[in-house]
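A.B. asks: just the structure for this:
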Amino acid sequence: MAGLWTLIIIGSIIYFFWLNRKVAEAANLHAQRQIEQLNVQLVSVACNKRRIGILKNGKPGIKSEFIFEFSSDGESVYQGVLFMENEMLKSVVIPPHKI
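C.D. replies: The predicted model follows:
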């Protein structure tokens, strides 16, 4: 019985690691799309918050907040925020910046 619980725990850890990687890749894609729309240069994308919870559709998943830095003039850097549920982008906050 202990062997079964060990396999379940190891399987859960592997699944959530894999899911975290999928979410991070999706965040990078969403940040790229925002950068293309704004016509600015992407500097970096980083995860700020991540938690497991019940999503708005009623299913369990990962709620994440990613910060992406961008530059419009090559000198100043601005931070935008992506709010995601699993791989879906829920909202974006983009600060005022130079064009």
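
A.B. asks: please make it C-alpha for all contacts and neighbour counts, starting now.
C.D. replies: Will do.

A.B. asks: which residues of this protein fall in helices?
C.D. replies: Applying DSSP state H to the chain gives helices spanning 2-38.

A.B. asks: helices and strands around the longest strand anywhere in the chain, which ones?
C.D. replies: When the chain is parsed with DSSP state E, its longest strand is strand 41-54. Secondary-structure packing of strand 41-54 (3 or more Cα pairs under 8 Å, 6 or more residues apart in numbering; DSSP states H and E): helix 2-38, strand 60-71.

A.B. asks: tell me which residues touch the most centrally placed residue in the chain, please.
C.D. replies: Closest residue to the average C-alpha location of the chain: Ala27 at 4.0 Å, with Cα atoms, centre = their mean. Taking Cα atoms under 8 Å, 6 or more residues apart in numbering as the criterion, Ala27 is in contact with Val45, Phe66, Leu82, Met84, Glu87, Leu89.
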